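[1] below: sequence and its predicted model.
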Amino acid sequence: MDHVAERAARGDREALAKVVTEHYSGVFRFCSRLLDAQRAEDAAQETFLRAGKLIQSFRHESAIRTWLFGIALNVCRNERRKMKPTLPLQDWDHAPSTPDKSVIAAHLLREAMAQLDADHRDVVVLHEMEGLTYDECAQALGIPIGTVKSRLHYAFVRLRELLRDRGTAR
């Protein structure tokens, strides 16, 4: 159990500040993979505002990081409803000034990810990019673990189709 989160849930402001300090960069990175930079910054801040209000309801059934990603995902979904659906191009790779095959492949992957529906894209970002386990993804998304596995499977099938159409998948 995360003792800092437990203290924060009991109203310890220093512990809550420590939770924010320890997890802000990860939550911001997660949000920036789902939104543009400005909206990601706003979403990360909104995530921690909501977390501060909801911390007493944190039941310690998951890691605090997983709980925060669940809040961040809901904030990002709300933001995506307000805007035209797009996937940001920043922060997926750090491309050199002259494109090479890896930069082109990363660009094609970003485009393919943008074509996935939000449910499939969310689970790929959580599992493959943020490194959450199936169980942690299920907790963050509020869905059964079997649904996580199914969404990942169908997301990868769709990604292979999209990339094959562009001549990049085998």
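    Thanks, I have it. Numbers count the residues shown, from 1 in each chain.
[2] which residues are in contact with Leu116?
    Applying C-beta atoms under 8 Å, 6 or more residues apart in numbering to Leu116 gives the contacts Val124, Ala155, Arg158, Leu159. Bear in mind the C-beta positions are built from the backbone N, C-alpha and C, glycine included.
[3] could you look up the SS state of the most centrally placed residue in the chain?
    Closest to where the C-alpha atoms of the chain average out (C-alpha atoms, centre = their mean) is Phe30, at 3.9 Å. Under DSSP: H, G, I helix; E, B strand; the rest coil, Phe30 falls in the helix class.
[4] now do the buried residues in stretch 52-61.
    Within stretch 52-61, the residues scored as buried using 16 or more other C-beta atoms under 10 Å are Ile55, Phe58.
[5] first-to-last residue distance for it?
    18 Å (C-alpha to C-alpha, to the nearest Å).
[6] what's the helix or strand for Ala8?
    Using DSSP states H and E, Ala8 maps to helix 3-9.
[7] in that helix, which residues are buried?
    Val4, Ala5, Arg7, Ala8, Ala9.
[8] how far does the helix or strand of the chain with the lowest mean pLDDT sit from its chain's centre?
    Considering only helices and strands, the least confidently modelled element of the chain by mean pLDDT, DSSP states H and E is helix 101-115, at a mean of 77. Computed by C-alpha atoms, centre = their mean, to the nearest Å, the chain-centroid distance of helix 101-115 equals 18 Å.
[9] what packs against it?
    Packed against helix 101-115 by the contact rule (3 or more C-beta pairs under 8 Å, 6 or more residues apart in numbering; DSSP states H and E) you find helix 118-124, helix 145-165.
[10] what residues does stretch 46-57 touch?
    Applying C-beta under 8 Å, 6+ apart, the contact partners of stretch 46-57 are 5, 8-9, 11, 16, 19-20, 24, 27, 31, 67-68, 71-72, 75.
[11] quick check: the farthest pair among those?
    In the contacts of stretch 46-57, two members sit farther apart than any others by C-beta to C-beta. They are Gly11 and Cys31, at 26.6 Å.
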